[in-house]
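Asks: sequence and predicted structure are below.
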Amino acid sequence: MNTSFSHLDALEAESIHIFREVMASFQRPVMLYSIGKDSSVLLHVLRKAFYPAPPPIPLLHVDTTWKFREMIAFRDRVAAAGDVRLLVHINEDGIRQGISPLVHGATVHTDVMKTAALKQALDKYRFDAAIGGARRDEEKARAKERVFSFRNAQHHWDPKRQRPELWSVYNTHIHSGESVRVFPLSNWTEMDIWRYIQRENIPVVPLYFACERPVVQREGSLIMVDDDRFVLRAGEKIEIRKVRFRTLGCYPLTGAVESSADTLDAVIDEMSQSRSSERQGRVIDHDPSASMERKKQEGYF
Amino acid sequence: MAAGDASTHSLLRFITCGSVDDGKSTLLGRLLYDVGTLADDQIEALRRDSRRQHQSDDVLDFSLLTDGLDAERQQGITIDVAYRYFHSARRSFIVADCPGHEQYTRNMATGASNTDLAVVLVDARKGLLTQTRRHTYICALLGIRKVVLAVNKMDLVDYSQAVYESIYADYRELASQLGIGAVYGLPVSALGGDNVSSPSIHMPWYAGSTLLDILETISVDPVQSADFRMPVQWVNRPDQNFRGFAGTICGGRIRAGDEVVVQPGTHQARVARIITATGEMPEAHAGQAVTLTLDREIDISRGDVIADAVRPAPEADQFAAHLLWMGDEALLPNRSYWLKIGTRTVNARVTSIKHKVDVNTQAALAAHRLALNEVGYCNIDLDHPVAFEAYATNHVLGGFILIDRHSHATVACGMLDFALHRATNVHWQHLDINKQARARNKGQRPRCVWFTGLSGAGKSTIANLLERHLNARGYHTYVLDGDNLRHGLNRDLGFTAEARVENVRRVAEVAHLMVDAGLIVLVCVISPFESEREFARGLFAEGEFMEVFVDTPLEECERRDAKGLYRKARAGEISNFTGIDSPYEVPSAPDVHLRTSGGSIESLVEVLAKRLIHDSDPTGAG
């Protein structure tokens, strides 16, 4: 019928609808901004949803202090555009305890600097709806989650008591202290994200494109040495290799892939041939198979 | 990742239905594997999980791919919908992989609500089962009109054509009974991959398409009416010069200059501009999220529907509808729930359950309530009219959810059929003398004071004393006493939860009329449920309703037992007695909390009277 209305158009319209529903139904919504490609798409759709008004929903970046420097520079450029309000939250308790992914490992670092930090920020600003860029195709537990995902006052998710969610009619009623996490990109795939970035000409962090970077081989991953906090272990040596990243997080926990894809077209081309999944580079996911479900129950995004 | 340009081709959303043993997850896993969606590390993880589950190196258990929750893997069943995504050369797909067990029917409805097509699996050895019928019924109820019937495990019946043909014929018969017009059958073996994405070498007698072929080429027209409809989601007004109405179009198309009407209502305007972030558009169609501006100022807010002025949507406040109950607590007729349809939320009551439907046999059964996962055909009454369409022609304006006012849980989904005629034939008669005028003559501010508490808590005693106080000062009052009303107006009601809901509703409506007449009304009813007290509050203007919790501990009520009722309840002579074998929900935020054990009744009444008299003097002078 509407031959010009493509798959991407349908996904974009659905995401816009979700953003508007949040804005109309909640007192204090916020958008979690993690600087990655999904956040870039999310921000782009946020701007579209409320045009010609500037985005009425503020952005929150939970900064673990271990993000790639290029990510922080990119974030600051986004904030400088001036149409959005960007809040940055750091878990100061964690800083005082000197929590580091290099010393305490991925699990403790993530618990303290991401999950606990996020809860602190949500409580501090009393946000009742937190919008995130998670997609259902990323991981098995996420594949089960609703678009409007209810959280109790302790920010916990109960996968066995999810609200039924029919059509595009979302139940936005909550009691004081409770909140929802909202995922406008639930139905997008990684490929959709890149095609949309290409179609809409959306800026992303340059780390997604191949470039010669200093890396170290550690436990089967290629870890980029992004600053002098990185301490070499015995036998490790820094090599310069042409690499890029499929997902971005804390640099000591994010594995690079060797690649020559240094343009958007080349990245999409490489992805079409790819035989490995997106989150493979995430050290945090390599716990037991269902770890994401447990982290989510405790309040992880 | 598969080839094909995902940025331009179309999207198909489908649901898969079947039980554990039908091999549903295996079929889906096989499909994902065949189109190349599974990455090497996912296959490696699957191999690991399969080895752990089956203690064998040879099995690749595709069902482990889709069951994502710990509890699901432990029990070997699917509890909740899992969404899967894949692209083939010709199409993008969103699959809702749904649980088959009857206790998870609500989750299946969640999955079915957003899909255009169902893939129903049947085990070739077993033929149609009760659950095949139930799944097909739920799909039909949610408006799915096309089904692919995959007769699976053909390898276990020697690839017999006769077996397949017989099941296919049985299923076509079933589908047509349930109103599903199009059935595409095919024989498959999910385990061996026969007819999944490549033709089977074992079934040369089958000349039809593979499952993937069917999915790639089947045409599905989304259910949406031809006439323009857009529920307003959000009013966009960044400054005084711009006022736009944002929403997703759910029917027809719109051009700049078209005449539209704002519903419910009759205000008309012309569309001035159709705005998106990428520029102004001459025309927009169903499915698009846009912002409209109009050529004149009309009061429009979220929940209104902007519609074609020549062919507007019908409006009504009473409907017949199918309800699928999803709440853990049963539906109580006449209890007030929030109803959300499109972007509008109103108060609604189910006034009667005409019958309930056995989901397994579709037999109509008499029913007084609906429990979890039950389907009923009901009459529904709204407190405001809404613009709507029959669900069969428009899912957005015909589908709704019910939300519990107290727990905020989503307790039902409903599909509208048609408006009941009473709504269109009974009009609200306008009267010149209103509440303000009546109240002015009485020199008071009308109020409803709502006493709630256990039987014997002292509600009537306090109300009686309070009325004497007010009467002595010349105020116009009336006491609505629950017990007294049960001698007349509510003589037909008992004490079950359903009857209590209706009892409180009637009392609240009468109190509302009396406040409208300008009176100060003192209501004494146990009113054990928060939902009904909130319903009562909702009938009154801001500040007009005062909830007084008469808080006397159960032991104290039982010790007094002035009417001897507690003794009878304990002896089992009367049932459904509040506090004994029927619950009392303590008010979470009463306007006044009277602890009767703390002081004399007289001093409590004194406090209440002072507050009321101060508030009730229109001059506010006290």
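Replies: On my side now, so go ahead.

Asks: contacts only, for the residue of the stretch 401-550 of chain B at minimum distance from chain A.
Replies: Nearest residue of the stretch 401-550 of chain B to chain A: B:H408, at 4.1 Å (Cβ to the nearest Cβ). The C-beta positions use only the backbone N, C-alpha and C, and glycine is treated the same way. For B:H408, the contacting residues are A:N171, A:H173, A:I174, A:H175, by Cβ atoms under 8 Å, 6 or more residues apart in numbering or on different chains.

Asks: tabulate those residues (TSV), appending distance to A:S100 and neighbour count.
Replies: Formatted as TSV, the contacts of B:H408 follow (distance: Cβ to Cβ, whole Å; neighbours: other Cβ atoms under 10 Å in any protein chain shown):
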residue	distance to A:S100	neighbour count
A:N171	41	25
A:H173	41	20
A:I174	36	20
A:H175	38	12
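
Asks: and which of those is nearest to B:R52?
Replies: Nearest to B:R52 among the contacts of B:H408 is A:N171, at 37.3 Å by Cβ to Cβ.

Asks: can you tell me the SS state at that closest one?
Replies: Recorded secondary structure, A:N171: coil (DSSP: H, G, I helix; E, B strand; the rest coil).

Asks: hey, where'd the helices end up in chain A?
Replies: Secondary structure of chain A (DSSP state H): helices at A:7-25, A:37-50, A:69-80, A:92-96, A:101-109, A:117-125, A:190-200, A:264-273, A:291-297.

Asks: follow-up on the earlier one: you'd agree the residue of the stretch 401-550 of chain B closest to chain A is in a strand?
Replies: No. Assigned with three-state DSSP, B:H408 falls outside any strand and is coil.

Asks: OK, contacts around A:S15?
Replies: If you count contacts by Cβ under 8 Å, 6+ apart, A:S15 has them with A:L42, A:V45, A:A49, A:P184, A:L185, A:W188.

Asks: now, the most widely separated pair of these?
Replies: That would be A:A49 and A:W188, which, of those, are the farthest apart (Cβ to Cβ) at 15.2 Å.

Asks: just to revisit the earlier point, redo the helices of chain A as CSV? Include mean pLDDT and distance to B:I520.
Replies: Below are the helices of chain A laid out as CSV (pLDDT from 0 to 100; distance: least, Cβ to Cβ, whole Å):
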stretch, mean pLDDT, distance to B:I520
helix A:7-25, 96, 36
helix A:37-50, 98, 47
helix A:69-80, 96, 57
helix A:92-96, 93, 56
helix A:101-109, 89, 63
helix A:117-125, 94, 43
helix A:190-200, 94, 62
helix A:264-273, 90, 72
helix A:291-297, 66, 51
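
Asks: among those, which is nearest B:V260?
Replies: Proximity to B:V260, assessed across those by Cβ to Cβ, is greatest for helix A:7-25 (19.3 Å).

Asks: now that closest one - C-alpha only, CSV.
Replies: Below are the C-alpha coordinates for helix A:7-25, written out as CSV (Å, rounded to 0.1, in the frame of the first residue of the first chain):
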residue,chain,number,x,y,z
HIS,A,7,11.0,-0.8,7.6
LEU,A,8,13.1,2.0,8.9
ASP,A,9,10.3,4.5,8.6
ALA,A,10,8.1,2.2,10.6
LEU,A,11,10.7,1.8,13.3
GLU,A,12,11.3,5.6,13.5
ALA,A,13,7.6,6.3,13.8
GLU,A,14,7.2,3.7,16.6
SER,A,15,10.1,5.3,18.5
ILE,A,16,8.7,8.8,18.1
HIS,A,17,5.4,7.6,19.4
ILE,A,18,7.0,6.1,22.5
PHE,A,19,9.0,9.3,23.2
ARG,A,20,5.8,11.4,23.0
GLU,A,21,3.9,9.0,25.2
VAL,A,22,6.6,9.3,27.9
MET,A,23,6.6,13.1,27.7
ALA,A,24,2.8,13.3,28.0
SER,A,25,2.5,10.8,30.8
